[in-house]
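Chemist: structural data only, the sequence is not supplied:
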């Protein structure tokens, strides 16, 4: 019974067969007149995007073939930066750290945010203050959030986390940020804490967009809250989840402030991600060419994953 | 300039005016009162430093009424060279750059942004204000680019008087006394007598002064210029001496060392009473007075790094800030005058009111607090060298700090060999 | 929801919210207590003194009121810009066919990988050449331009659930693509548009890097507040004040805009109506 309800709602989705008579008419009818309208709608976007993104990107790609040390004159070195990047052991280590950091924070943030969003949808008005409190964690600047977490993760028995554990195990004093074994975990926790607000908001919006009639029908049929959550809310809030994963994932790739404040990339480089590496090379060391090469490598890596996904999902669209 | 549209009389006046102005400008910096125009300073300091600079600029402007001082403020986090480079690369024109990194000075000089001040030194007789050793500090490859106006002792060890009293010791003067004091402090109940902030860079302080005491200022200079490799014996001996501290159980576990920056270490000593010694720069003074509300010289003080008896005990590691003048600024005359002003008595007095020492002979050390006076007295008797971390080029510094962390994890001879080799490998790439 | 709201989700969310808010309590505590106390840990209550000294110092030392205005102007313009242009573009990408559709989409979405540092220096030189330094446009153009990387993806994702029959019906009625967008799709896509608005407002309100370099005379709050700490003075009490001041407004915007999320569900009553 729940399945057919879900399928009704899913009837307008692109992965269902598009060959109904209406849709063929539709596809044929607008095609010839589409693109003037399209360009009109897109023109301002393309202009702004071109200036703000494409132009600097082209410049970055150009710069990646030069050796720049601070303010000295750049020297052309062709693929030199790329060779150095792939033979630099520090860079290779950062790739593993990045994978762990990015995937963990995204899974935790989106997982928790999604669950909370769906639970919150059962009582939206009553849970509003709680949603605001959790979103506030997302709104606070990374640097200040980082400092607060340092206070919680203090190495001595006075640190909040140590003190709480110390209730059960007196004198417990783990240096969370100083121990190479726990530093990455601690950074992930702090980053995930901040990241939950975004999936919470997006998934909540997604769930709220589900037509009320589906819920009514399910409850009339005697579904429990848990069944409603699993069969209706979860599948139909996927748009929100997809966007949340996208934003969290790519945001984690670029994270710098939180890592800098908590660990400075250490101890002994154990929390250095590609984003941190790029920032350090470009902004701190000012080796713009090398940092540019790292950016290009990152871009290519993301392209490899995203292009097939985008092509596949836009294939069935009208 | 196209003057064809103006009347003949106006043209004559304009030409005469221009000639007169040119004559006045070439007579600078001696004619301070005749300076005019805008003086642009690249300002990257915030907090009370920025406040102090407002005072200095106001004082200079009062003495030179024709000049308006404008700050080009760059803000950032951590290393300020990034934002400074961005501004300069983007084409910003300034007259004065405040610099605290000799490596950056070399970079700017290389890029043709800095104007040598050797001529100014002679014309304004700056030797009357600054010793030859300070001029050395402001020079790169024999050319002087900076006029140092303030410095901080980086070879001082901070302590809380109550702790030493509890352990029944006096501030140690020699290395052996120092090691002995560590044992006595542990006996008095302090688990980690030295608070070692190894999270970012402060664990290098110990290494750098040890290097000076073992190899003299020349060793540091040659290392920074990569005339000797990092695998040289002097570096290894320094690390072995450093290992003596660690093997005496000075600092707790490596994980505890990595967990905090200098402010956490300071808290451990001054508010938590869990540690005793911290080796850090003179900005600690402001923190102790303003944040911890302690009495300078009474509740806390410093002692200079102990003597090692290896022939170089008259050395001190310092950080310094200098005034550099640019090649493309719009007001070179005012810039020169400002550089000279910064080592004058009035400027030194303003600096002293904020607790900053000045290398200028016009400065009155008695204006400084008791702790700062200990430092100035010690530095006055030493050959000075810039902190290694600011002398080295960026890549090498990062590698050096990370490798030092690895050394702290395991201060054995094998690690010393591995660590020095790694830094040397990086240095090979860079130089 | 339907009928009486069950209690257990409220309890769970309440517990989570309390845990989540702990670090923020830390920020508030650090701003109202002297540094000597909070340096040992802001949760310690062995010695507890309340002081508004940090608040006073921040208010006196820095020109917060004009900065507030500047920040508001920049954030509002950037948000409105993104909220208007994004749905138009997402609609075009999803419902219309035109050459290079997929290529453009790939470029725009992948641009999100680019960190801001990549953008700063080339744009700085461009703005200098055009004389746009210290002009609001110098930050507004990148604010809006960079936002498309995530906002178009966001809105487009929500549009995928938009019932195609409605759009088809409108076409059969003779409406052109633009009219369909304006009268049919946009009014029913307020939910993702407002979500975009919340995020864009938050990020542009907090933005530091771009205004730091491109603006001089009228600067927004984050730039002013970034100068609170000196090189070695951390001033965490004043920084906490700065954090609170900066975060309050975006939270209010969140409160106001999030009402639009529920609104969508009332009007859309399902495909078969």
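Modeler: Looks like it came in fine. What you see is a predicted model, and the numbers here were worked out from it, not measured in a lab.
Chemist: switch to C-alpha atoms for all contacts and neighbour counts from now on
Modeler: OK.
Chemist: which stretches of the chain have low pLDDT?
Modeler: All of this refers to chain A. The model of chain A has pLDDT under 70 over residues A:1-33, A:315-318.
Chemist: nope, chain B please
Modeler: For chain B, the ranges with pLDDT under 70 are B:1-33.
Chemist: near chain C, which residues of the stretch 51-200 of chain A show up?
Modeler: A:51-53, A:55-57, A:59-60, A:116, A:119-124, A:126-127, A:130-137, A:139-141, A:144-145, A:148-149, A:151-152, A:158-160, A:193 (Cα under 8 Å from any Cα of the partner chain).
Chemist: and residue B:52, how close does it get to residue B:353?
Modeler: 9 Å (Cα to Cα, to the nearest Å).
Chemist: secondary structure element for residue C:66?
Modeler: Applying DSSP states H and E as the criterion places residue C:66 in helix C:64-95.
Chemist: try residue B:41
Modeler: Assigned by DSSP H and E, residue B:41 falls within strand B:37-43.
Chemist: how far does the helix or strand following that strand sit from the chain's center?
Modeler: Remark: after strand B:37-43, the chain's next helix or strand is helix B:47-63, criterion DSSP H and E. Put simply, helix B:47-63 sits 19 Å off its chain's centre (Cα atoms, centre = their mean, to the nearest Å).
Chemist: does the following helix or strand past helix B:47-63 reach chain C?
Modeler: Downstream of helix B:47-63, the first helix or strand assigned by DSSP H and E is strand B:67-73. No - using Cα under 8 Å from any Cα, strand B:67-73 stays clear of chain C, with a minimum separation of 8.5 Å.
Chemist: which one is the residue in chain A positioned nearest to chain B nearest to, not counting chain neighbours?
Modeler: The nearest approach of chain A to chain B comes at residue A:178, 3.7 Å away (Cα to the nearest Cα). Using Cα to Cα, 6 or more residues apart in numbering or on different chains and skipping the chain neighbours, the partner closest in space to residue A:178 is residue B:259 (3.7 Å).
Chemist: re the thing from before, quick one: whatever helix or strand comes next after the helix holding residue C:66 to helix C:64-95, angle?
Modeler: Downstream of helix C:64-95, the first helix or strand assigned by DSSP H and E is helix C:101-110. For helix C:101-110 against helix C:64-95, the angle by axes from the mean of the first three to the mean of the last three Cα atoms, to 10 degrees is 150 degrees.
Chemist: residues contacting the following helix or strand past helix C:101-110, please?
Modeler: Next helix or strand after helix C:101-110 toward the C-terminus (DSSP H and E): helix C:116-130. Residues outside helix C:116-130 that contact it (Cα atoms under 8 Å, 6 or more residues apart in numbering or on different chains): A:52-53, A:55-57, A:59-60, A:279, A:282-283, A:292, B:86, B:90-91, C:133, C:138, C:209-210, C:213-214.
Chemist: ChimeraX command for the buried members of these?
Modeler: To isolate the buried subset of the contacts of helix C:116-130 in ChimeraX, counting by 16 or more other Cα atoms under 10 Å in any protein chain shown, use the following:
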select /A:52,53,56,57,59,60,279,282,283,292 /B:86,90 /C:133,138,209,210,213,214
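Chemist: rewinding a little: the residues of the stretch 51-200 of chain A next to chain C in helices, which ones?
Modeler: Among these, the members falling in helices (DSSP state H) are A:55-57, A:59-60, A:116, A:119-121, A:124, A:126-127, A:130-137, A:139, A:144-145, A:148-149, A:151-152, A:160, A:193.
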